[in-house]
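Participant: need a 3D model of the sequence below.
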Amino acid sequence: MQKLKVGDLVEVVAGAERTNKDKASKRGKILAIDRDALRVRVEGLRTVKRHIRKGRDRANPEGGILERPGSIALSAVQVVCKKCDAATRVGVRVNGDKKVRFCKKCDASID
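Facilitator: The predicted structure is shown next:
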């Protein structure tokens, strides 16, 4: 079982997003996970700009500049627990025949 899933609320705990000039804790939902490259795309974080020429893209026939989230290292994010509202490590326990993720700080179920 994977400890991070698409749709989880995560907080950046390391890297350039953490040492940004505003020094606020950056949080967002996971949009995509690339398990081969060990990277995640988080909503609203590390936005990258892509310049598109006129007529190249069906979604943007007039061209322009698109902003979309870039990837962050998988090890630089931690899941935010809903109960204790803190970035925490995730454990996995077996309940019957199902695996359930839980918060290691407050022992609450994440799923």
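
Participant: which residues in the protein form strands?
Facilitator: 9-12, 27-34, 39-42, 47-52, 64-69, 71-73, 77-80, 87-88, 90-95, 98-103 (DSSP state E).

Participant: next, the buried residues of the fifth one.
Facilitator: I take that to be strand 64-69. The neighbour-count check on strand 64-69 (16 or more other CB atoms under 10 Å) flags Pro69 as buried. (Each C-beta comes from the backbone N, C-alpha and C, glycine too.)

Participant: quick one: low-confidence parts of this protein?
Facilitator: 1, 16-25 (pLDDT under 70).

Participant: show me the contacts for Thr47.
Facilitator: Glu67, Arg68, Pro69, Gly70 (CB atoms under 8 Å, 6 or more residues apart in numbering).

Participant: any chance of those in a markdown table, with distance to Asp107 too?
Facilitator: Listed next are the contacts of Thr47 as a markdown table, based on distance: CB to CB, whole Å:
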| residue | distance to Asp107 |
| --- | --- |
| Glu67 | 39 |
| Arg68 | 37 |
| Pro69 | 32 |
| Gly70 | 34 |
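
Participant: for those residues, which one is nearest Asn95?
Facilitator: Pro69 (33.8 Å; CB to CB).

Participant: once you drop chain neighbours, what's closest to the closest one?
Facilitator: Once flanking residues are discounted, Pro69 sits nearest to Arg41: 4.8 Å by CB to CB, 6 or more residues apart in numbering.

Participant: how near is the one you found to Ala108?
Facilitator: Distance of Arg41 to Ala108, given as CB to CB, to the nearest Å: 26 Å.

Participant: who's more crowded, those two?
Facilitator: Each of Arg41 and Ala108 has its neighbours counted (other CB atoms under 10 Å); Arg41 has more, 19 against 13.

Participant: you'd agree that one is up against Lys29?
Facilitator: No - using CB atoms under 8 Å, Arg41 is not in contact with Lys29, being 9.9 Å away.

Participant: how many neighbours does the closest residue to Lys29 other than its chain neighbours have?
Facilitator: Closest residue in space to Lys29, ignoring its immediate chain neighbours: Glu43 at 4.8 Å, by CB to CB, 6+ apart. Using other CB under 10 Å, Glu43 has 13 other residues around it.
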